[in-house]
Structure formats: structure tokens, C-alpha cells
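Asker: Structural data only, the sequence is not supplied:
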């Protein structure tokens, strides 16, 4: 594999890592696709071993990403309808205020809906904080998995 291809694979992986932080961009899938591109081009046993291990890590990541927030949110009592509408508010915020509108819209929408549902500022704030922690934990797990995969790729490049 040539040097420019390695740089391109690294940039695509970096895009996937940053994609974890941006709602709507499938970061782990982008990282895995870049690794697949590298493994099929490199055609070395180490490359295929790294791809298989990365696939296992990213599949485990997907299971954890689905389990962690839903369990915490169920414990907090936030209904799924509220979370869905907060997501819609985040999408609207993205178009109304570029860059930061997603966060402002989703968090603001979640707080407003919880305030309507629960009635008091303190309860709505606590529920919003719990929901944000649950979502933040899943983002951290996803980010960690992508960084582990990228680290394994860099390690394989150094070793091989």
C-alpha cells in the first residue's frame, strides 16, 4: 500500500472518530470501512487479524451503545416520546443555528418537554441531566471503541 493511501485511510478513520461526536454520522462504520479498505489492499495476515479484532470490538460497542442509554433512561423515567421529540428539536436546531443548534435544540427541547411533563424546574433539570449523562456515556463508549480500533491500526502499521 502506498504512502498516500495510508494517509487517506488515516484521514477517513479520523473522520469516523470525529463522526462519533456529530449526531447522524456513523463514526464506527466509517472507521470500520477505512480498516476494511486497508486490510483488502494490504493483503497481509496481520491486517486481516486487526480487521477481525476491530469487527468484534465495534460489534460489542454497538451492543453497549444500545444497552447503556436505554437502561439509564428507563431508570430515570423519561419516556421515549420525549426523547424522540428532543431529537426532532435538535434537528430543527441544526438548521436554525448552524454548528451549535443541534445541542441547543436537543437539550433545550428535552428540558422543555420534561418541564411540561413533570411540572417543576428541579425535576425537569434532574431528568434532563440524567438523560444527557446516559447519552454522553454511550458517546464515550463509542469514541473509546473507535480510538481502540484506530490504535490497533497504527500499531499494525508500526509492527508490519
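Answerer: Yes, it's here. Model, not experiment: these values are computed from the prediction.

Asker: Please make it C-alpha for all contacts and neighbour counts, starting now.
Answerer: Fine.

Asker: Toward the C-terminus from the lowest-mean-pLDDT helix or strand in the chain, list the very next helix or strand.
Answerer: Across the helices and strands of the chain, mean pLDDT, DSSP states H and E gives its lowest value to helix 80-96, namely a mean of 81. Next helix or strand after helix 80-96 toward the C-terminus (DSSP states H and E): helix 101-118.

Asker: Which strands or helices does that next one pack on?
Answerer: helix 80-96, helix 121-159 (3 or more C-alpha pairs under 8 Å, 6 or more residues apart in numbering; DSSP states H and E).

Asker: For it, what does the pLDDT average out to?
Answerer: Confidence over helix 101-118 (mean pLDDT, whole number) is 86.

Asker: these two touch, right, residue 92 and residue 105?
Answerer: Yes - with contact defined as C-alpha atoms under 8 Å, residue 92 reaches residue 105; the gap is 6.9 Å.

Asker: Looking only at neighbour counts, state which of these two leads.
Answerer: Shown here are residue 92 and residue 105; by other C-alpha atoms under 10 Å, residue 105 has more neighbours (23 against 15).
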